[in-house]
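Asker: Have a look at this prediction, sequence included:
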Amino acid sequence: MKPPSIGRKPSERHFLWKPDEDHDTKRFDRNYFEKWCRHLGLDFETYSRVDHERAEESRTQYQCVFSTESGSGDSFSVGGEEWDIQTGESPRTFIEIDEEGVMRIQGWTTERILDVTELWHDGPELYVAAEGKEKPLRLDTRDLVD
């Protein structure tokens, strides 16, 4: 994906789009996506990692977290000393877009991975057009919040 070009977005509410059907280059307005997440009171994170369901190499991930769950703990002994490790909160429901425009949607009971061609919003509702899908998927993000 590339940042927005001088040309116009399909609408002011678009996060991701393909400006030309003849090319595979996707445009992603990361700043607008982050602003939208923060406007809704959601956490936004950017990091790099390997997600083997999407690729074998490390990719930058842009994540919007709707709810979290408490982490777990583990105890172990080293040299006769007992150690406890507690993890903090981790994302429970989220959307995550990688640098190639592949999105993971983690809901309460389902998970989907989509090769996104267009992503926009109408308030808290997201619309996702993806490869192989005839109609855009409508996702009401209010259903993913605690």
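Answerer: It's in. Residues are numbered from 1 along each chain as shown.
Asker: For R138, give the beta-bridge partners.
Answerer: Here R138 shows beta-bridge partners Y127, assigned using DSSP bridges.
Asker: For it, give its distance to S90.
Answerer: Distance, R138 to S90, by Cβ to Cβ, to the nearest Å: 27 Å. Bear in mind the C-beta positions are built from the backbone N, C-alpha and C, glycine included.
Asker: cool, E53 as well?
Answerer: Taking Cβ to Cβ, one finds E53 at 17 Å from S90.
Asker: residue ranges for the helices of the chain, please.
Answerer: In the chain, the segments counted as helices under DSSP state H are 30-39.
Asker: Low-confidence ranges, it, go.
Answerer: For the chain, the stretches flagged by pLDDT under 70 are 5-7, 71-74, 86-88.
Asker: can you rerun that using 80?
Answerer: Across the chain, residues meeting the criterion (pLDDT under 80) sit at 1-7, 20-24, 51-56, 70-80, 83-89, 146.
Asker: For it, just list every one of the strands.
Answerer: For the chain, the strands defined by DSSP state E cover 14-17, 27-28, 43-49, 59-69, 73-78, 81-86, 90-98, 102-106, 111-122, 125-130, 137-140.
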